[in-house]
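[1] everything below, folded, please.
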Amino acid sequence: ARAPGFAEEFERGETTLHQQWRFAEPPTGDGPLTLRFPVSGRLSTADHDGLTFSQGRLRVRYGHGTWVDANGTRTEVFARHEAGQVVLEVTAGLLAASSFPAVLDPIISAEFGVGSIGPGPSLSQLDPAVASNGSLSLAVWSGARGDNRDIFAARVGPSGAVLDPVGFVVRSAPGDESQP
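    The predicted structure is shown next:
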């Protein structure tokens, strides 16, 4: 087992959330580097794109990771689901061949894509649900910013601070969307 000395970071993309673990030096110990963290929701699919979890109508994709070493060498690290946890494992051979610093970078997204940030908070927020990986949470709700109800979300940091104060659109379609 290895003791990982790392910094975990999150970076919001236009339609994704990048979760990154940065390793300044090789982790100490022997064997593979295994990262595990709990997830809520039901595992819907595990395929070439990653893992998809569902909770009600909300579907979130946790993509496979990419290990990138200091030389820019990129290696896919497959995510798997075990006993309510996402598991990412960097093999001992890959660690030995890597130059440091290095980063492990999976991508989290809504299964069908995430829309752009809306013009402001919805006037009503109904049907809330929250999912967490143990350090970052995603709050979702249905609400109206125009004529129809849509599904919105916002990230919540470990301290409870809302990272997306006006939220962002998860699903918008003709008619009302509800029960995220």
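[2] what degree of burial does D150 show, as a neighbour count?
    By other CB atoms under 10 Å, 23 other residues sit near D150. C-betas here are computed from N, CA, C, even on glycine.
[3] bridged to it, which residues?
    Judged by DSSP bridges, the bridge partners of D150 are G143.
[4] does it really touch D127, like I thought?
    No: contact criterion CB atoms under 8 Å: D150 and D127 do not qualify, at 11.7 Å.
[5] residues shared between the contacts of the two?
    Counting by CB atoms under 8 Å, 6 or more residues apart in numbering, the contacts common to D150 and D127 are S142.
[6] what's near enough to touch the residue nearest to the spatial centre of the chain?
    For the chain, the residue nearest the mean C-alpha position is I108 (3.3 Å; CA atoms, centre = their mean). Residues near I108 by CB under 8 Å, 6+ apart: T16, L17, H18, Q19, V60, R61, Y62, G63.
[7] also T45?
    L51, T52.
[8] quick one on the thing from earlier: closest to G84 out of the contacts of I108?
    Y62 (13.1 Å; CB to CB).
[9] for the closest one, helix, strand, or coil?
    Secondary structure, DSSP: H, G, I helix; E, B strand; the rest coil: Y62 is strand.
[10] distance check, it against L17.
    Distance, Y62 to L17, using CB to CB, to the nearest Å: 10 Å.
[11] more neighbours, those two?
    Between Y62 and L17, counted using other CB under 10 Å, the more crowded position is Y62 (24 against 20).
[12] quickly list what the more buried one is bridged to.
    L51, I108.
[13] kindly report the same for E89.
    With DSSP bridges as the rule, E89 is bridged to T34.
[14] low-scoring stretches of the chain, by residue?
    1-4, 14, 111-125, 144-147, 175-180 (pLDDT under 70).
[15] those helices in it, which residues are they?
    Along the chain, counting by DSSP state H, helices occupy 92-97.
[16] R12 reaches R155, doesn't it?
    Yes: using CB under 8 Å, R12 makes contact with R155 at a distance of 7.2 Å.
[17] give me the more crowded residue out of the two.
    Between R12 and R155, R155 has the larger neighbour count (other CB under 10 Å), namely 18 against 14.
[18] quick one, what contacts the more buried one?
    Applying CB under 8 Å, 6+ apart to R155 gives the contacts F10, R12, L17, L136, S137, L138, A139, V162, L163, D164.
[19] between those residues, which has the most around it?
    Busiest of the contacts of R155 [other CB under 10 Å] is L138, holding 22 neighbours.
[20] and the closest residue to it other than its chain neighbours, how many neighbours?
    Using CB to CB, 6 or more residues apart in numbering and skipping residues adjacent in sequence, the residue nearest L138 is A131, 5.2 Å away. Number of residues near A131 (other CB under 10 Å) recorded here: 17.
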